[in-house]
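Trainee: With the sequence up front, the predicted model follows.
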Protein chains: 2
Amino acid sequence: MARKIVRKPSAIVAQRLRQCRAEMTRKGLPAYLLTNRHDHYYLAGFSGEDSALLVTKNAVWVISDGRFEESIRNECPWARVALRKGQLPEEIGNVCRRLGLRRLAVQTDHLSLDTHAAIRKAARPTRLVKAPPIANEMRLCKDAAELKVMAEAIRVAEEAFRAACRTIRIGQTERELAARLEYEMARRGSTGPAFPSIIAEGLNAALPHAVPGGRKVRRGSAILFDWGATVGFYRSDLTRVVFIGTIAPKMRAIYEITLEAQRKAIEAIRPGRRMCDVDAVARDHIAQAGFGKQFGHGLGHGLGLDVHEPPALSWRSDKKLEPGMVVTVEPGIYVPGTGGVRIEDDVLVTAAGCRVLTHLPKDIGSAVLPAR
Amino acid sequence: MARKIVRKPSAIVAQRLRQCRAEMTRKGLPAYLLTNRHDHYYLAGFSGEDSALLVTKNAVWVISDGRFEESIRNECPWARVALRKGQLPEEIGNVCRRLGLRRLAVQTDHLSLDTHAAIRKAARPTRLVKAPPIANEMRLCKDAAELKVMAEAIRVAEEAFRAACRTIRIGQTERELAARLEYEMARRGSTGPAFPSIIAEGLNAALPHAVPGGRKVRRGSAILFDWGATVGFYRSDLTRVVFIGTIAPKMRAIYEITLEAQRKAIEAIRPGRRMCDVDAVARDHIAQAGFGKQFGHGLGHGLGLDVHEPPALSWRSDKKLEPGMVVTVEPGIYVPGTGGVRIEDDVLVTAAGCRVLTHLPKDIGSAVLPAR
């Protein structure tokens, strides 16, 4: 039976391409080469790897190889296709010459010097120019389609966490906890952890980026979970700390300070606020409590197709929040020799302020699990 | 209690640094900036992200941020440390000026144009030059320490596959199979899938890079598994096809052709052989059987800290195999409307020829699982 080939992109892809082309026209760019695969998915629905996307006024080219021929047919049958036999830069060059391009805008934030040089050579006489961050800026603010998928990535991560928490037993290792949590996410439709899960017991939680190892759940353990799901290529990212049976007084104090810092920061999120000012709200609270030096990282980051994407919600950025941005808010206090606490939620900037997309409770009462 | 600070790198790290510095001297490079995190682990045992490593004749600098302070203390307490307050390029610049460097070799195969420009600006008057691929070439051939860890990554992937196969039931989805397989790997110590697992039932296996979805295990299903574990930061990568209950005659034929192509290619692996010649052995066999157009990708790739790293075992490369290289050998035949078969093992090039590091059986008899 002949397959029906759809010759038009979906409404959402068509809309994004229109916006992209409008920006290209505004910037005087006849052709835009995208080498970041998340942009391929965003602008064309194409999920292949090791490929390039070339957007012109009249066409979208997928420059790829035989491994992704069938994916192209399924995901963007409306696109023009160039399958390389040699290296990718050569095939990009072939398409440029075929189209008679005089200038090609490339993603200098992503392209390596060597690949850039290879494309420049292969595409002659096409001249390469630095592309303004068109796709990056489009991706800063999430549209309704993206928010729907991200809500699903959050739901999967949260339900999996609830299920995994029910199975925690004294004597299990951090690695076993990670395995179980990721299994529960995968069963619910996550195509993979959003990033390598951090499950850190006790002293290990003093490392903001701990790797799950052989430390075991004990009565009185404080265990930090930093995890997320990937659904429809979009990611979620949460952090919770659970206490097994009891809470040491020092950990309780750190937890309450972190939670209050997060509450204040979320309250401060609204369009027009500078990133550094929101960061400062949490940072000042933690510093006033005497733990300023124990909060060494930024308050949060953008979230979407990448687990870390712009904007950086950090003291280093004076950019402003805009409606549609989704950021993590994740203050933490890390005390070597004691342990660490971080609490992280995903927050959507709205016209009026913000909406917390994550739902898991975080009052210290719900953080205590039975020791069993 | 004061922690004992080790002021010397481990024997293996010291040996690698000696080799790196010998190459630097040979190439007249006083300072080498590594921005690829796998190289950080390889040359310094440092596992942090968003960091840079600067190797000079007398010192190794880790340029990082507060999140990784504790990791640095644990992993490379012998290194000098610069923690950034601003962006990474600025801190790299600070170190360059502090050391009075005239020239800094950078990884142009990895550094983006924008980051390169930012470092160039921040490091003035230090001049940036293109580094020869010193770390890349060191990593081409695996040493005994690496092979030991890779053997473990393979063992974990293989035991997990056996365990996962025992749990396959009619009606399960590809996604459920992936969840189970990854859970079994994680339980055995994998810190994460080596790459997003490909579990493809029936027609879906005609996509070399299929994403596990809602297709279900049926009596007569052919299911392709392409998976690997990560252990101690090193990866394994295997592919097997299993048949539920029975094998369709066409799939049996494709399977036997693929298996024989792989057998011949592995037999052809020895030091001094060109990559393209080994690729041709498998490709010719498949072409002679009439499926030349259905094998669209290279025969294999290097494997180590990255799941895809040099050398490319491909028709595009006339480089030669060397003892210590570990490559995947993974011919495949993909027939849209029918399905696909790929068989993949990890192979070490030895002085005398090669050794297959993976052990799972692949005769068609062992590929048939009971339909239950």
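Mentor: Here it is on my side, so go on.
Trainee: nearest spatial neighbour of the residue of the stretch 51-200 of chain A found nearest chain B, skipping sequence neighbours?
Mentor: Proximity of the stretch 51-200 of chain A to chain B (Cβ to the nearest Cβ) peaks at A:G66, 2.2 Å away. C-beta coordinates here come from the backbone N, C-alpha and C atoms, glycine included. In space, and not counting its chain neighbours, A:G66 is closest to B:G296: 2.2 Å by Cβ to Cβ, 6 or more residues apart in numbering or on different chains.
Trainee: about what we covered before: okay, the residue of the stretch 51-200 of chain A closest to chain B: pLDDT?
Mentor: If you check A:G66, the pLDDT there is 87.
Trainee: what are the phi and psi angles of it?
Mentor: phi -50, psi -30 (degrees, to the nearest 10).
Trainee: Check A:H301 too.
Mentor: According to degrees, to the nearest 10, A:H301 has phi -160, psi 160.
Trainee: residues near the closest residue to it other than its chain neighbours, how many?
Mentor: Nearest non-adjacent residue to A:H301, counting by Cβ to Cβ, 6+ apart: A:H308, 4.9 Å away. Residues lying near A:H308 (other Cβ atoms under 10 Å in any protein chain shown) number 16.
Trainee: before we move on, the earlier item: wait, the residue nearest to A:G66 touches B:A206, no?
Mentor: No. Applying Cβ atoms under 8 Å, one finds B:G296 not in contact with B:A206, separated by 11.0 Å.
Trainee: Can you name the residues that contact the residue nearest to the spatial centre of chain A?
Mentor: Nearest to the mean C-alpha position of chain A, by Cα atoms, centre = their mean, lies A:V307 at 2.0 Å. Neighbour list for A:V307: A:A194, A:F195, A:G228, A:R235, A:D237 [criterion: Cβ atoms under 8 Å, 6 or more residues apart in numbering or on different chains].
Trainee: and what of A:I198?
Mentor: So A:I198 contacts A:H209, A:A210, A:V211, A:P212, A:L224, A:F225, A:D226, A:W227, A:T239 (Cβ under 8 Å, 6+ apart).
Trainee: Show me what from the stretch 101-250 of chain A comes close to chain B.
Mentor: A:108-117, A:130, A:175-176, A:178-180, A:182-183, A:185-187, A:189, A:191-193, A:196-197, A:206-209, A:211-212 (Cβ under 8 Å from any Cβ of the partner chain).
Trainee: Restricted to helices, list those residues.
Mentor: A:113-117, A:175-176, A:178-180, A:182-183, A:185-187 (DSSP state H).
Trainee: do the helix or strand of chain A with the lowest mean pLDDT and chain B meet at all?
Mentor: Lowest mean confidence among the helices and strands of chain A (mean pLDDT, DSSP states H and E): helix A:69-75, at a mean of 90. Yes. Legend: contact between helix A:69-75 and chain B by Cβ under 8 Å from any Cβ is shown at A:E69, A:E70, A:S71, A:N74.
Trainee: Need the phi and psi values for A:M275.
Mentor: phi -50, psi -50.
Trainee: And it, how far from chain B?
Mentor: In this view, A:M275 and chain B are 14 Å apart by Cβ to the nearest Cβ, to the nearest Å.
Trainee: ditto for A:P30
Mentor: 20 Å.
Trainee: Which residues are in contact with each of B:G296 and B:A206?
Mentor: B:Y334.
Trainee: Of those two, which one has the most company?
Mentor: Taking other Cβ under 10 Å, B:G296 and B:A206 do not tie; B:A206 has more neighbours (22 against 17).
Trainee: now the least confident helix or strand of chain A, how far from the centre of its chain.
Mentor: 25 Å (Cα atoms, centre = their mean, to the nearest Å).
Trainee: Can you give me the domain boundaries for chain A?
Mentor: A:11-138, A:141-369 (automatic domain parsing).
Trainee: what about the ones you listed, which gets the closest to B:G339?
Mentor: domain A:11-138 (11.5 Å; Cβ to Cβ).
Trainee: Compute the first-to-last residue distance for the closest one.
Mentor: 16 Å (Cα to Cα, to the nearest Å).
Trainee: Spell out which parts of the stretch 251-372 of chain A neighbour chain B.
Mentor: A:G296, A:H297, A:R316, A:Y334, A:P336.
Trainee: Pretty sure A:C276 is one of the things the third one touches, is it not?
Mentor: What it means is A:R316. Yes. Assessed by Cβ under 8 Å, A:R316 is found in contact with A:C276 at 7.2 Å.
Trainee: Could you look up the SS state of the nearest residue to A:R188 once chain neighbours are set aside?
Mentor: The shortest distance from A:R188 to any non-neighbouring residue, by Cβ to Cβ, 6+ apart, is to A:V156 (4.5 Å). At A:V156 the chain is in helix, as set by DSSP: H, G, I helix; E, B strand; the rest coil.
Trainee: Identify the residues contacting A:V156.
Mentor: Here A:V156 is in contact with A:M185, A:R188, A:G189, A:S190, A:A229, A:V231, A:S236 (Cβ under 8 Å, 6+ apart).
Trainee: Also A:A265?
Mentor: A:V278, A:D279, A:V281, A:A282, A:L299, A:V329, A:P331.
Trainee: same thing but 6 Å
Mentor: A:V278, A:V281, A:A282, A:V329 (Cβ atoms under 6 Å, 6 or more residues apart in numbering or on different chains).
Trainee: just the buried members of the residues of helix A:69-75 next to chain B?
Mentor: Using 16 or more other Cβ atoms under 10 Å in any protein chain shown as the burial test, those include A:E69, A:E70, A:S71 as buried.
Trainee: Find the pair from the contacts of A:A265 with maximum spatial separation.
Mentor: A:V281 and A:V329 (10.0 Å).
Trainee: Any of the residues of the stretch 101-250 of chain A next to chain B buried? List them.
Mentor: The buried subset of those - by 16+ other Cβ under 10 Å - is A:108, A:110-116, A:175-176, A:178-180, A:182-183, A:185-187, A:189, A:191-193, A:196-197, A:206-209, A:211-212.
Trainee: that older thread, now for the contacts of A:I198: which two are most distant?
Mentor: A:V211 and A:T239 (15.2 Å).
Trainee: residue boundaries of the helices in chain A?
Mentor: A:11-27, A:37-44, A:69-75, A:88-99, A:113-123, A:134-140, A:144-166, A:174-187, A:249-267, A:275-288.
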